[in-house]
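Participant: sequence first, then the predicted structure, then my questions.
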Amino acid sequence: MTVEVGTRAPDFSLKGTGGESYTLAAALAHGPLLLVFFKTTCGTCDLAFPYINRLRESYPDDGWSLWAVAQDTPEDAGRYAAAYGITYPVLSDADGYTVSKAYDPPATPTLFLIDRAGRIAQQSAGFHKAELNSLSEGLAERLGVKPIVIAAADDGNPDFKPG
C-alpha cells in the first residue's frame, strides 16, 4: 500500500547514476525532500519532468532537496536525465526495487514531499497540474518563500494525465 500523507517516510539508501550514495537521513538534515519515482519508458514522466525541473529552478538550492528515483538501471536513468535536462540527483532502484516497494507508488511518476521531520507531507501520482502547483505551495511554505505557479492552466498541455 502506498505510504500515506502524515505517515513516516520509509528510510532508504540508494546509489546515484554516478555511483554516489544517497540516504533519506542525509536529505532531511538539509531540509524537506521531494522524491520523484519514475520509469524511463513512462510517457507521463516525459510530460511531467519539465514541470518538475521548473520546481528545482524556481526555488533556491538552500534548504531542500529534489531526487528522482528511477525504476531502471543507472545507465538508462543517466541517459534519461541527460535527455530531459535533469540536473538534480537521479538514483537507481532497479536492484530489487526495494525503495519502490517500501513507498509503493501507484503510478509513475509519483511525487512525495517529505518534511524535515521525515513525514509524508504531500503526494501526487501521474501528471496533475493542480497537484504540482500544490506541491510548489507546500514547498514554498516550508522554505518560507512566496509560492510560484509551476503549471499554468493555459500552457498547451492537459491538466491531468494518468501515469
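Facilitator: Yep, that arrived.

Participant: now the most centrally placed residue in the chain: how far from residue 153?
Facilitator: The chain has residue 36 as the residue nearest its centroid, 2.2 Å off, counting by C-alpha atoms, centre = their mean. According to C-beta to C-beta, to the nearest Å, residue 36 stands 22 Å off from residue 153. (Each C-beta comes from the backbone N, C-alpha and C, glycine too.)

Participant: helix or strand: which one has residue 6?
Facilitator: Counting by DSSP states H and E, no helix or strand carries residue 6.

Participant: count the neighbours of it for me.
Facilitator: 8 (other C-beta atoms under 10 Å).

Participant: over to residue 54?
Facilitator: 16.

Participant: and the pLDDT at it?
Facilitator: In this prediction, residue 54 carries a pLDDT score of 97.

Participant: quick one, strands of this protein?
Facilitator: 13-16, 21-23, 33-38, 65-70, 90-92, 110-114, 120-125, 127-128, 160-161 (DSSP state E).

Participant: can I get those strands in CSV with mean pLDDT and distance to residue 138?
Facilitator: Below are the strands of the chain laid out as CSV (pLDDT from 0 to 100; distance: least, C-beta to C-beta, whole Å):
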stretch, mean pLDDT, distance to residue 138
strand 13-16, 98, 24
strand 21-23, 98, 22
strand 33-38, 99, 9
strand 65-70, 99, 13
strand 90-92, 99, 22
strand 110-114, 99, 5
strand 120-125, 98, 5
strand 127-128, 98, 14
strand 160-161, 98, 19
